[in-house]
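> predicted structure and sequence below. I'll ask about it afterward.
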2 protein chains.
Amino acid sequence: MASSILSDCSSSATSRLLPLRRALLAPPCRFRPATVAAPPRRPLAIAAPQLPLLPRARGMASASAAAAASSTDSDACAKIIDGKLVAKQIREEIAVEIAKMKDAIGVVPGLAVILVGSRKDSQTYVRNKKKACEAVGIKSYEVNLPEDSSEDEVLKHITTFNSDPSVHGILVQLPLPHHMNDENILNAVSIEKDVDGFHPLNIGRLAMQGRDPFFVPCTPKGCMELLHRYGVEIKGKRAVVIGRSNIVGMPAALLLQKANATVSIVHSNTKKPEEITRQADIVITAVGVANLVRGSWIKPGAAIIDVGINPVDDPESPRGYRLVGDVCYEEASKIAGLITPVPGGVGPMTIAMLLSNTLESAKRIHKFK
Amino acid sequence: MASSILSDCSSSATSRLLPLRRALLAPPCRFRPATVAAPPRRPLAIAAPQLPLLPRARGMASASAAAAASSTDSDACAKIIDGKLVAKQIREEIAVEIAKMKDAIGVVPGLAVILVGSRKDSQTYVRNKKKACEAVGIKSYEVNLPEDSSEDEVLKHITTFNSDPSVHGILVQLPLPHHMNDENILNAVSIEKDVDGFHPLNIGRLAMQGRDPFFVPCTPKGCMELLHRYGVEIKGKRAVVIGRSNIVGMPAALLLQKANATVSIVHSNTKKPEEITRQADIVITAVGVANLVRGSWIKPGAAIIDVGINPVDDPESPRGYRLVGDVCYEEASKIAGLITPVPGGVGPMTIAMLLSNTLESAKRIHKFK
């Protein structure tokens, strides 16, 4: 598998972006799953200021913390951020909170999902969200509309959910059919129930000092939560976000900047992105280009959060492809201090953060602390 | 005067920030006002993509353009961006546009200003705004309320202006008295008339791809306009914004990023700000620290936009002080390609952009192209 990924890292697509010769690549480090670093358990305090937790990234922590946290596998290998485990911890914490709220005020959070059309991937996402809700005690509401529904029909359902007091979060599954205007539909969701956090008012409040958004978009919130739970210090650090999408890159940059990092956003018009990235103590990539970020882009000891999920051909896989991130994992994990794998890194965090946002909304609406 | 500024640049306040020895300072370059570079006149096209205009910044333009634009004073000196002249051009262009609109549809733009209390500086600002409005043909509406007015009284006036069809822009003069909640009051201004552009919804739309704000905040819009009018290419360039305030730094960074620069935001928690700043082709400073940015922070040929207006002691001045920017002008102008002076750089642009926003609003409301 490692050599197969190495092939990806030097594929024609990425070699155009960075002409690194295969001969220069160091041999891949071999991870044993048992050495994956688990974050210490802590009560749910999403988006709280980071605590001095172990393990920390190499080069970003005290010597003793780094020693305590060093990998048992190989000194050359980064510590793996276990998104699956963190997401599981968070779901458990959410379940406890929900049980408490139900006991105290008899309310359970409610999440409404609107699905238009019958895309297989969207159906799977919605099913997974529903399952995750049930597992923690969130009540699911679902509307399935045919592909040829009108915008008005979708808007009608949004209006109903907006005024339903048992619904605390509303989510419109994207993509919507082409004949619909995404902006009109997303803007119709009440700002108090926009658990996706995509509303421009939320993004504006995220950008501004002294303001807080109602909701932080789920995937960037998941990235920050991983950094917090692995004790990565953010204040005063250099951070680079690669990609500037409305749903990941830009809000991730705004979150890092709100946490007092010095942030640079790298995008398709950036010249010498590797030079800027190499200055960063923290890198978040969300660009959708398999293996774009090579080992040579990484500052030794940096924390790398890879949001990309890109299919690459893999004849050895039963499906004929496999998923890799935006970061050439084998190279980067030799240099970085902490790194998220793909899959199993940021991916599992997104639904966990959706549950967290729904709980947060219910608590806010019912003034439950 | 030059030596007096040099003293400022090595004052105790700034020497703490950057311990540059006075002995290392190059002798100041001496500007002759007659050599200040004038931008070519062009029709009002605020925030339009930059045109290949002369003069360009050294190191950012073609050799011929740079040669054509080179200072006649000294090769070592940056070209001065004449904000006063640009602002005058813009006001003239606005006056022409307003006359056209009045002729075509019988409408003139209207700007309402609400002033609470009797602060001398606020009264001066409001008087200047009124004069500037009259000069271009914008109708002024003014409400002066006593210091001890209630929040409700201010809100009542905002509501009246929100629904008045002859008012296209509403501006609440800041600072408000302490007993008022700025956020409540500013959020009450209709988003269609928020010519200050401070509403979080505007900032969110500024941050997002595929969205445009109703209004761009005046000072950062003025910074961008100066860059455009002096032909500074932005796409693909490295830009550093020093300061991250809601009204200048953050929106300036978002505007540069929307124009496809690679942007880093430097702030009080940034370590080694001089290293990051030195990488930038474009620097916008809005931090309020006199002479913070030394010559050694500047990349040769960079374009420097200095928003800071800081009083420093000057016994030779009749007022006992004089105004300087965030940039140590004498040092920076030796290194930069283009630079705004203080005063006379960004300052005059802010009111010009307020007039531009008010005109834009009237055109949008009346669908006048």
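Great, that's in hand. Residues are numbered from 1 along each chain as shown, chains lettered A, B, ... in the order given.
> near chain B, which residues of the stretch 51-200 of chain A show up?
By Cβ under 8 Å from any Cβ of the partner chain, the part of the stretch 51-200 of chain A that sits against chain B consists of A:E183, A:H199, A:P200. C-beta here means a position set from N, CA and C on the backbone, and glycine is covered the same way.
> same thing but at 7 Å, please
Contact residues, the stretch 51-200 of chain A versus chain B (Cβ under 7 Å from any Cβ of the partner chain): A:P200.
> what's the closest non-adjacent residue to whatever residue of the stretch 51-200 of chain A ends up closest to chain B?
Per Cβ to the nearest Cβ, A:P200 is where the stretch 51-200 of chain A lies closest to chain B, at 3.3 Å. Nearest non-adjacent residue to A:P200, counting by Cβ to Cβ, 6 or more residues apart in numbering or on different chains: B:G204, 3.3 Å away.
> in the longest helix belonging to chain A, what counts as buried?
Longest helix in chain A, counting residues (DSSP state H): helix A:83-105. Neighbour counts over helix A:83-105 (16 or more other Cβ atoms under 10 Å in any protein chain shown) mark A:83-87, A:89-91, A:93-95, A:97-98, A:101 as buried.
> and what of stretch A:334-349?
Neighbour-count burial for stretch A:334-349, with 16+ other Cβ under 10 Å as criterion, is recorded at A:334-342, A:344-349.
> and if you look at stretch A:182-200?
Buried-residue list, stretch A:182-200, by 16+ other Cβ under 10 Å: A:185-186, A:188-189, A:191, A:193-200.
> check stretch A:293-306 too.
A:293-299, A:301-306.
> closest to B:F215 out of the residues you listed?
Nearest to B:F215, judged by Cβ to Cβ, of the buried residues of stretch A:293-306 is A:I305 at 34.5 Å.
> ranges for the strands of chain A?
A:79-80, A:110-116, A:139-145, A:169-172, A:238-242, A:262-266, A:282-285, A:303-306, A:310-313, A:321-324, A:338-339 (DSSP state E).
> pLDDT on the first one, on average?
If I follow you right, that is strand A:79-80. What strand A:79-80 shows for mean pLDDT is 96.
> can you list the strands that that strand pairs with?
In the sheet, strand A:79-80 lines up against strand A:338-339 (parallel) (DSSP bridges).
> neighbouring contacts of the strand it pairs with?
Outside strand A:338-339, the residues within contact range by Cβ atoms under 7 Å, 6 or more residues apart in numbering or on different chains are A:A57, A:A78, A:K79, A:I80, A:I81, A:Y230, A:V232, A:A303, A:I304, A:A332, A:S333.
> run the chain-centre distance for it.
In this view, strand A:338-339 has its centroid 14 Å away from the chain centroid, taken as Cα atoms, centre = their mean, to the nearest Å.
> where does pLDDT dip in the stretch 51-200 of chain A?
Residue ranges of the stretch 51-200 of chain A with pLDDT under 70: A:51-76.
> how about the helices in it?
Assigned by DSSP state H, counting those that start in this stretch, the stretch 51-200 of chain A shows helices spanning A:63-69, A:83-105, A:120-136, A:151-162, A:182-188, A:200-207.
> so what does the third one touch, helix or strand wise?
Helix A:120-136 sits against helix A:83-105, strand A:110-116, strand A:139-145, helix A:347-365, with contacts defined as 3 or more Cβ pairs under 7 Å, 6 or more residues apart in numbering or on different chains; DSSP states H and E.
> output the ones you listed in TSV; the columns should cover distance to A:K129.
TSV is the format used below for the helices and strands packed on helix A:120-136 (distance: least, Cβ to Cβ, whole Å):
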stretch	distance to A:K129
helix A:83-105	12
strand A:110-116	6
strand A:139-145	8
helix A:347-365	6
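> skip the chain neighbours and tell me the closest residue to A:V232.
Spatial nearest neighbour of A:V232, excluding adjacent residues (Cβ to Cβ, 6+ apart): A:A303 at 4.7 Å.
> mind pulling up the pLDDT for the one you found?
Predicted confidence (pLDDT) for A:A303: 98.
> and of the helices of the stretch 51-200 of chain A, who's closest to B:E360?
Of all the helices of the stretch 51-200 of chain A, helix A:200-207 sits nearest to B:E360, with 18.8 Å by Cβ to Cβ.
> got a list of contacts for the closest one?
Under the contact criterion Cβ under 7 Å, 6+ apart, helix A:200-207 has outside partners A:191, A:194, A:211-216, A:251, A:254-255, A:258, B:200-205, B:207-208, B:211, B:250, B:254.
> can you report how many residues lie near the residue nearest to A:P200?
27 (other Cβ atoms under 10 Å in any protein chain shown).
> how close does it get to A:R205?
Using Cβ to Cβ, to the nearest Å, we find B:G204 at a distance of 7 Å from A:R205.
> for A:A259, same thing?
Per Cβ to Cβ, A:A259 is found 15 Å from A:R205.
> then A:V327?
Distance, A:V327 to A:R205, using Cβ to Cβ: 30 Å.
> repeat that for A:T159.
Per Cβ to Cβ, A:T159 is found 24 Å from A:R205.
> those two: who's more crowded?
Neighbour count, other Cβ under 10 Å: between A:T159 and A:R205, A:R205 has more, with 23 against 13.
> of all residues in chain A, which one is nearest the centre?
The residue lying closest to the centre of chain A (Cα atoms, centre = their mean) is A:T219, at 3.2 Å.
> with just CA atoms, put stretch A:247-259 into PDB.
Extracted as PDB, the C-alpha positions of stretch A:247-259 are listed here (Å, rounded to 0.1, in the frame of the first residue of the first chain):
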ATOM      1  CA  ILE A 247     -17.400  25.700   3.700                       C
ATOM      2  CA  VAL A 248     -13.900  24.700   4.800                       C
ATOM      3  CA  GLY A 249     -10.900  26.900   3.800                       C
ATOM      4  CA  MET A 250     -12.200  30.400   4.600                       C
ATOM      5  CA  PRO A 251     -13.900  29.500   7.900                       C
ATOM      6  CA  ALA A 252     -10.900  27.500   9.000                       C
ATOM      7  CA  ALA A 253      -8.600  30.500   8.400                       C
ATOM      8  CA  LEU A 254     -11.000  32.700  10.300                       C
ATOM      9  CA  LEU A 255     -11.100  30.300  13.200                       C
ATOM     10  CA  LEU A 256      -7.300  30.000  13.400                       C
ATOM     11  CA  GLN A 257      -7.100  33.800  13.200                       C
ATOM     12  CA  LYS A 258      -9.700  34.200  16.000                       C
ATOM     13  CA  ALA A 259      -7.500  31.800  18.100                       C
END
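> could you chop chain A up by domain?
A:2-85+A:220-347, A:106-205+A:352-361 (automatic domain parsing).
> got these as JSON lines, with distance to B:G117 columns?
Output for those, formatted as JSON lines (distance: least, Cβ to Cβ, whole Å):
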{"stretch": "domain A:2-85+A:220-347", "distance to B:G117": "32"}
{"stretch": "domain A:106-205+A:352-361", "distance to B:G117": "28"}
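> B:H267 is nearest to which of these?
For these, the distance to B:H267 is smallest for domain A:2-85+A:220-347, at 7.1 Å, taking Cβ to Cβ.
> which residues of the stretch 201-350 of chain A fall in helices?
With DSSP H, counting those that start in this stretch as the criterion, the stretch 201-350 of chain A has helices at A:218-229, A:249-258, A:273-277, A:329-335, A:347-365.
> as CSV, those helices with mean pLDDT and distance to B:F368 would be great.
As requested, those are exported to CSV (pLDDT from 0 to 100; distance: least, Cβ to Cβ, whole Å):
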stretch, mean pLDDT, distance to B:F368
helix A:218-229, 98, 40
helix A:249-258, 98, 33
helix A:273-277, 98, 43
helix A:329-335, 97, 54
helix A:347-365, 97, 42
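> will you turn those helices into TSV that also has distance to chain B?
Formatted as TSV, the helices of the stretch 201-350 of chain A follow (distance: least, Cβ to the nearest Cβ, whole Å):
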stretch	distance to chain B
helix A:218-229	13
helix A:249-258	6
helix A:273-277	7
helix A:329-335	21
helix A:347-365	17
